[in-house]
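1. Structure for the following, please:
(chains A and B, ligands or ions: 2)
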Amino acid sequence: MDFSQTDEQKMLQESVKRLLERSYDFETRQKMLQSGRPWSPEIWEALAEMGILGLPFAEEVGGFGGSMADVVAVAEPFGAHLLIEPYVSSILLAGQCLAQSDSPAAQAQLAKIVTGEQTAAFAHEEGKGTADPALVSLAATEAEDGFTLSGEKRMVLGATQADTLVVSARTRGTAPDADGLSLFMVDPKQQGVSIRSFVTIDGRHAAHITFDGVQIPSDRRVADDAHEVLQTVISRAIVALCAEAVGAMGALLRQTSEYASTRKQFGAPIATFQTISHRLADMKIAYVKARSCLLYTTALMDAGRAGAPDISILKGQIGTLGREIGEAAIQTHGGVGMTDEVSIGHFHKRILTINALFGDSEYHFRAVGKSLATGGA
Amino acid sequence: MSSQTKEELDAFRAEVAAYLDTAPTDAIREAGRKTTSAFAPFEQGAAWQAILNEKGWAAPDWPEEYGGTGWSAEQRTIFEEEYRKQDLPPLLPNSLKMVGPLLIDLGTEEQKAKYLPRILSGEDYWTQGYSEPNSGSDLASLKCSAVADGDDYIIDGSKIWTTFAHKSNRMFMLVRTSNEGKKQQGITFLLLDRTDFAGMDVRPIKGLDGHAEFCEVFFDNVRVPQSGRVGAENEGWSVAKHLLKHERNGSANSPVLVRYLKRITEAAQDETSPFGGKLSDDPVFQRDLGALHADVTTLAQFERLIMGGHEMINDPALPSIAKTMNSELIQRVSVMMTRVAGLEGLSMQLDALAVGSGVDPMGSELDLISMPFYLNSRATTIYAGTNEVQRDLIARSLQIA
Ligand SMILES: Cc1cc2nc3c(=O)[nH]c(=O)nc-3n(C[C@H](O)[C@H](O)[C@H](O)COP(=O)(O)OP(=O)(O)OC[C@H]3O[C@@H](n4cnc5c(N)ncnc54)[C@H](O)[C@@H]3O)c2cc1C
Ligand SMILES: Cc1cc2nc3c(=O)[nH]c(=O)nc-3n(C[C@H](O)[C@H](O)[C@H](O)COP(=O)(O)OP(=O)(O)OC[C@H]3O[C@@H](n4cnc5c(N)ncnc54)[C@H](O)[C@@H]3O)c2cc1C
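-> Ligands and ions are numbered 1, 2, ... in the order given. A predicted model of the protein is given here:
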C-alpha cells in the first residue's frame, strides 16, 4: 500500500485549505453561529463548484469517483476550521445511502444532493443502542402500498434544514437481528413527522425526530436488507469524521505550542517549564499516533481490506487521543482555555462530538477486544 | 475519638435531615439538581443561604461568637453528608470560606461589625480580584496599582477571571502599592464596598459551557477609601497567605462526588448499553464505576482523617495534595457522567438548564447537566492554584536541602 498523497490529493487539500483560510477563519465562523444561520450557503456553493460535494460519488451520478483518501484529504482541513456545513450528514451519510440504490426516486434526489442544490439528513441513531446498526428498532410496518413508520430517531445532524430524510427502520425481526432492516426516503414535512431542533455543542444544527404513523409509499424504500449498506456507509463516514477530528487535533497542537511559547509567567515562556514542554511532547505523540492510525486505516479501506475491527480501532483511538489532546490544550491555556472566545474549547467540543457519534471509544475498544477474545480477528 | 455519644450523633443526624427535607424551596432544589459547577446558580444559592442563616447554620465552621454553630468535626461531617443526599446547591464560597474567616482573624472591629452579619445572611457577596491577564500562576507579579491620595487609594489596571463579579456587590482584591524590593513585598489587600465605583467596568466572559460565570474588571482612576485595607500597606501577600491557612483545617468535598456518582449509577439503570441490555449490567461500566467509587471513598477517608485532626495535617504539602486529588476526581466523575449521557449530552440546552425556565430537558436531567458539568470541571485543575503549581509545592516537601 502507498500511504503518500497523490499530487491530485495534495492539490485538492491545498485548494480546500486556501478557501477556508480565506473565508472560514474562527471569528467568521463564530459570527455565523451567533447569527443563527445553520451554515454558510456561500461556502457550500464554493465546495460544490470545486467538486468536493460530488467527490465521493460515482461519475454516473455526477460525481468524481473519489477514494476514501480523497475524502480524508478534504476532511482534515474541515476539522481544522470546525466546519458546520452538512458534509458528513448530507454527502457522506444520506447521500451515500441514496447512491447505493437504483430506485428512480433515490437517483432523482441524489442528483440534487450532489450539486448542493438540496440537502438530505441521515436519521439513524436511536440513542445508546445503535452503534451497531443491527440494534435499530424503529418500526416500518407493511401497509397497503407501502409502509408505516413509527418510532424515534435522535441526534439527526442537519435534519431541520434537510429536504429529505433517509431513515433506517426495521420491517422484520427485532434487535439485534441484522436481518430485516430497510432504508426509506421521507419528506420531513410529511404528516406524522415531528422535529425538535437544537444546536450541538460543536455548532452543528441537529434534531430529534419522532415518526408517528408516517405513511411511506413502496417506491420510497431505498434499500432493503440494508444492514450491509448501513455498515459500509457508516464505516466510511466514521473514517471521514476521524479525519475531521485529526484536523482539529492538529490545530490544537499548533495553537497550544504557539501559546506556550509566547505566554510568560515567572519571567519565562511557559513552554520552558518541563511539565508544560513534556505535555506538549505528549500531545505531539498523540497526534502522530492518531494520524498514523487514520492514514493507515484509510489505505486499508481503499484497498478493500478494512474490517469492522479496523474501523473500531480507528474510532476508539481517535476518541481517546483526541480527548487527551483537547484536555491538555485547555489545561495549558489556563483561564484563557476556559473561555468561549478562543477556539481551543470549540475544537475540543468537536472532538467530543465525534467521539460520541456512532459508538464512543469505550464501545469500540470493547468491540475490538470482544472480536479478539472470541476469535473473530 | 468523639465528643458526642452515638445516640447524640444519631439524633443530630435526624434533626438535620428533617430540616433539610422541609426548608428549601422548589427553586432551591431545582438549582441544586442543575448545579454544574463548584458555584451554584447565584440567585438560588443566595436565597438558600438566607434560609440557612435564619436557622443559624450558614457557617458551621465559623467561631460561635461570630455566628458559627460550635459543632464537632463529626457533626460537621454529618451535616455535609445529609446536605449532599438532597441535591441542594452548595453555598457560594467566597464570602463564607474566604473573606469571612479572614476578617474574623485580621479585620478591624469596625470591619467585622460592618461586614460579617451581611456575609452570613447572603445580602453581600464578595468577588475575588486577584488574577490579572499577565499574572495568573505568577500572582505576585500583579500590576493593578493603588496610589495613596489623602484618605483614599486610586486604582488603575484590571483583574480577570473574577468569578461572579457581575453578581457581586463587593470585592476583595490585591493591588500593587509599591515596586520596591521583592515582588511579594509591594502588595496590599483591599476590601471594596462596591463593584460599581466610578471608573469600574465589569465585563462578563462566556465560558466553555455557554455560561458567563467569570468576568474581566477594569479600573480607570477608581477612588476607594483606605479604610478598606486589611493589614498594613505592602503586607497584602501575607494577608492573602493567611487566607489559605483555613484550607489546612480540611473540608468535605467527597460528599458532592458521592452524590454525583449516585446519580450516575441511577441513570445507568435507565440507559441502554451499546452492546444491548442495560448499561448498569455492562461489566465494563461496572468495573469503571467501581474504580471511581473506590477513589471517591478514599478521598472521603482522607478528608475524615484531616477533619478529625490527624497528625497528617502538619505536612506542609497537605493542602496541595487535597486540592490535586479532589480536582482530578471531579474531572473523572464528570467524564463518567458524559459517558452515561452519550449522544444525549451533545445538545446545547441552556434554556432547560436555567432554573425556573419551565423548559423540559430533551433527555434526562443527568443528560442535561452532563456536558456543562464536564466542560466546567476542566477549570478545577486551573483555579485555586493550577495542579502544575500544586505539584511543584508537593515536590518541594520532598526535596532534601
Ligand atoms: C538495561 C540498560 C542497558 C544499558 N546499556 C548501555 C550501553 O550499552 N552502553 C552505555 O554506554 N550505556 C548503557 N546504559 C546506560 C544508559 O544510557 C543510562 O542509564 C542513561 O543514559 C541514563 O543515565 P543514568 O543511569 O546515569 O541516569 P540519570 O541520567 O542520572 O537519570 C536519572 C533520572 O533522572 C532523569 N533526568 C536526568 N536528566 C533529566 C533532565 N534534564 N530532565 C528530566 N529528567 C532528567 C532521567 O530521565 C532518569 O529518570 C544502559 C542502561 C540500562 C538500564
Ligand atoms: C473558572 C475559573 C474561576 C476563577 N475564579 C477566579 C476568581 O474568582 N478570582 C481570581 O482572582 N482568579 C480566578 N481564577 C483565575 C485562576 O486563579 C487562574 O486561572 C490561575 O491562577 C492560572 O493562571 P492563568 O489562567 O493566568 O494561567 P497561567 O499561569 O498562564 O498558566 C498556563 C499554564 O501554564 C502552567 N504554568 C504556569 N507556571 C508554571 C510553572 N512555573 N511550572 C509549571 N507550569 C506552569 C499552568 O499550570 C497552566 O497549565 C479563576 C479561573 C478559572 C478557570
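2. mind listing the helices for the stretch 101-250 of chain A?
-> A:104-114, A:227-262 (DSSP state H, counting those that start in this stretch).
3. List the contacts of the most centrally placed residue in chain B.
-> Chain B has residue B:93 as the residue nearest its centroid, 4.6 Å off, counting by C-alpha atoms, centre = their mean. With contacts defined as C-beta atoms under 8 Å, 6 or more residues apart in numbering or on different chains, residue B:93 is in contact with B:38-39. All C-beta atoms are positioned from the backbone trio N, CA, C, and that covers glycine.
4. circling back to that earlier point, can you add distance to residue B:236, mean neighbour count and mean pLDDT and give the helices of the stretch 101-250 of chain A back as CSV?
-> Converted to CSV, the helices of the stretch 101-250 of chain A look like this (distance: least, C-beta to C-beta, whole Å; neighbours: other C-beta atoms under 10 Å in any protein chain shown; pLDDT from 0 to 100):
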stretch, distance to residue B:236, mean neighbour count, mean pLDDT
helix A:104-114, 65, 19, 95
helix A:227-262, 29, 22, 98
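5. TSV for those, including distance to ligand 2?
-> Formatted as TSV, these follow (distance: least, C-beta to the nearest ligand atom, whole Å):
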stretch	distance to ligand 2
helix A:104-114	44
helix A:227-262	7
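6. Just put the ones you listed in JSON lines and tack on distance to residue B:25.
-> Shown next, in JSON lines, are the helices of the stretch 101-250 of chain A (distance: least, C-beta to C-beta, whole Å):
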{"stretch": "helix A:104-114", "distance to residue B:25": "53"}
{"stretch": "helix A:227-262", "distance to residue B:25": "43"}
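7. According to the record, where do the domains of chain B fall?
-> Following automatic domain parsing, one finds the domains of chain B at B:6-91, B:126-235, B:252-396.
8. So which of the ones you listed is nearest residue A:345?
-> domain B:126-235 (4.1 Å; C-beta to C-beta).
9. quick one: that closest one to chain centroid distance?
-> 19 Å (C-alpha atoms, centre = their mean, to the nearest Å).
10. Could you tell me which residues of the stretch 51-200 of chain A lie near chain B?
-> Within the stretch 51-200 of chain A, the positions adjacent to chain B are A:125, A:127-132, A:135, A:154-155, A:175-176, A:196, A:198-200 by C-beta under 8 Å from any C-beta of the partner chain.
11. Whichever of these end up buried, select them in PyMOL.
-> Of those, the buried ones go into a single PyMOL selection, burial set by 16 or more other C-beta atoms under 10 Å in any protein chain shown:
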select buried, chain A and resi 125+127+128+129+130+131+132+135+154+155+175+198+199+200
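12. Restricting to the residues of the stretch 51-200 of chain A next to chain B, which residues neighbour ligand 2?
-> Contacts with ligand 2 are made by none of those, judged by C-beta under 6 Å from any ligand atom.
13. Now do the closest residue to residue B:367 other than its chain neighbours against residue B:275, distance only.
-> Spatial nearest neighbour of residue B:367, excluding adjacent residues (C-beta to C-beta, 6 or more residues apart in numbering or on different chains): residue B:344 at 3.8 Å. In this view, residue B:344 and residue B:275 are 18 Å apart by C-beta to C-beta, to the nearest Å.
14. Out of the two, name the residue with the larger neighbour count.
-> residue B:344 (25 against 21; other C-beta atoms under 10 Å in any protein chain shown).
15. In contact with that one, which residues?
-> By C-beta under 8 Å, 6+ apart, the contact set of residue B:344 is A:127, A:154-155, B:362-364, B:367, B:370.
16. Find me the pLDDT at the residue nearest to residue B:367, would you?
-> For residue B:344, the model assigns a pLDDT of 95.
17. just the one 5 residues further on next, same as before
-> According to the per-residue confidence, residue B:349 scores 97 in pLDDT.
18. Wait, it touches residue B:361, no?
-> Yes: at 5.9 Å, residue B:349 counts as touching residue B:361 under the criterion of C-beta atoms under 8 Å.
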